[in-house]
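**Q** show me how the following folds:
(one chain, ligands or ions: 1)
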Amino acid sequence: MSADEHEAKKQIKWVIVRLEKHFGEPVWPGRRDFLETLIGTILSQNTNDKNSEAAYRKLRASYKDWPAIRTSPTARIAAAIRSAGLANQKAERIKKILGWMYRTWGTFDLNFLCSMDPRQVSELFQQQKGIGVKTISVTLMFACGHDVFPVDTHVHRLCKRLGLVPAGTSAEKTFALMASRVPRGKGYSFHVNLIRLGRQICQARKPSCLQCPLRKKCPSAPTL
Ligand code: SF4
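**A** Numbering: from 1, shown residues only. I've put the predicted structure just below:
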C-alpha cells in the first residue's frame, strides 16, 4: 500500500469515528423491497427527497401493481411522477426497466437478488439505461444491507471537501476509490452520517465549520 493510500485510509477512519461520536452509529434497519427501493432511487435522481417521495407515492397510488405500470402508456407514468422532474425521461426508463425485469425473471419480486453477489448484481443492472453505479449501490445497501458505500451528490461533495479524494474527482471515480478505502462493515454508517453532516452542518453554500466535529482535520475549514 502506498503512503498516500495509507494516509487516505487513516483519514477516512478518523472521519467515521468522529461522525459516529457526533451523530451516533446508524444501524441498517432491515430489508426493504428491492424493486420499490430501486424505483424510488431512480425517481430521486436530480431532485430532492420531498419531490421524489411524492412522485413515488403518486405512482403507486395510480396503478394496481407493477405489471400495470409495465403495460401503461409512458405518458401516463410521466404524469404520475411529474413532481420528480425529468418525468418523460424517467417514465420511459422505468417502463423499459420493468419490461427487462419481466422478460428476464418473469416476476417483480426481486428480493432474491439480495442473496446474489452484489458485484454481479451491480454490473447486471448498470447495463440498463437510467441505472448507474450510484442507483444500484443505494439499492444494494438500503434494500439488501450489503456493505457498499454509495456516492450520491452529497457524499461526492463531502468527500472532496474533506480531502478524502482529490478535487475534481468524478462521482464514479470517487466510488471506485472509496470502495477500497472504507473499512469493512462501515459503508452504511459512513454513508448515512455523511448525509446527516451535509444536511445539518456542512451545507453546500454555507458550511457551519465552527459546529463541525471534523474541523480539526478538514482541509476546507477556515484557519482561525
Ligand atoms: S469543517 Fe467546515 S468545510 Fe469541513 S466538513 Fe466541517 S463544515 Fe464542512
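**Q** show me what counts as buried in the helix or strand containing Thr104.
**A** Under the criterion of DSSP states H and E, Thr104 resides in helix 87-105. When burial is assessed from 16 or more other C-beta atoms under 10 Å, helix 87-105 yields the following buried residues: 87, 90-95, 97-98, 101. Any C-beta I mention is one placed from the backbone N, CA and C, and that applies to glycine too.
**Q** just put those residues in CSV and tack on pLDDT and distance to the ligand.
**A** Output for these, formatted as CSV (pLDDT from 0 to 100; distance: C-beta to the nearest ligand atom, whole Å):
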residue, pLDDT, distance to the ligand
Ala87, 97, 34
Lys90, 98, 31
Ala91, 98, 37
Glu92, 98, 38
Arg93, 98, 34
Ile94, 98, 35
Lys95, 98, 40
Ile97, 98, 36
Leu98, 98, 40
Met101, 98, 39
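**Q** ok, the residue nearest the centre of the chain - contacts?
**A** With distances taken as C-alpha atoms, centre = their mean, Val138 lies nearest the centre of the chain, 3.7 Å away. The neighbours of Val138, taking C-beta atoms under 8 Å, 6 or more residues apart in numbering as the test, are 37, 41, 150, 152.
**Q** closest to the ligand out of those residues?
**A** Distance to the ligand across these (C-beta to the nearest ligand atom) is lowest for Asp152, with 16.6 Å.
**Q** which non-adjacent residue is nearest Leu86?
**A** Nearest residue to Leu86, sequence neighbours excluded (C-beta to C-beta, 6 or more residues apart in numbering): Asn46, at 6.2 Å.
**Q** count of neighbours near the closest residue in space to Cys212 that isn't next to it in sequence?
**A** For Cys212, ignoring the flanking residues on the chain, the nearest one in space by C-beta to C-beta, 6+ apart is Ile201 at 5.1 Å. Residues lying near Ile201 (other C-beta atoms under 10 Å) number 18.
**Q** now for the helix holding Thr104, which elements pack on it?
**A** Contacts defined by 3 or more C-beta pairs under 8 Å, 6 or more residues apart in numbering; DSSP states H and E place helix 87-105 against helix 34-43, helix 66-70, helix 74-80.
**Q** of all those, which one is nearest the ligand?
**A** Closest of these to the ligand is helix 34-43, at 25.3 Å (criterion: C-beta to the nearest ligand atom).
**Q** got the CA coordinates for that closest one in CSV?
**A** These are the backbone C-alpha positions of helix 34-43, laid out as CSV (Å, rounded to 0.1, in the frame of the first residue of the first chain):
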residue,chain,number,x,y,z
PHE,A,34,-35.7,-4.4,-3.9
LEU,A,35,-37.8,-3.1,-6.7
GLU,A,36,-39.5,-0.4,-4.6
THR,A,37,-36.1,0.8,-3.5
LEU,A,38,-34.7,0.8,-7.0
ILE,A,39,-37.6,2.7,-8.5
GLY,A,40,-37.6,5.2,-5.6
THR,A,41,-33.9,5.8,-6.2
ILE,A,42,-34.4,6.3,-9.9
LEU,A,43,-37.1,8.9,-9.1
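**Q** picking up where we left off before, now the contacts of Val138 in a markdown table, with neighbour count, pLDDT and distance to Ile12?
**A** Shown next, in a markdown table, are the contacts of Val138 (neighbours: other C-beta atoms under 10 Å; pLDDT from 0 to 100; distance: C-beta to C-beta, whole Å):
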| residue | neighbour count | pLDDT | distance to Ile12 |
| --- | --- | --- | --- |
| Thr37 | 20 | 98 | 26 |
| Thr41 | 22 | 97 | 24 |
| Pro150 | 23 | 97 | 15 |
| Asp152 | 20 | 94 | 17 |
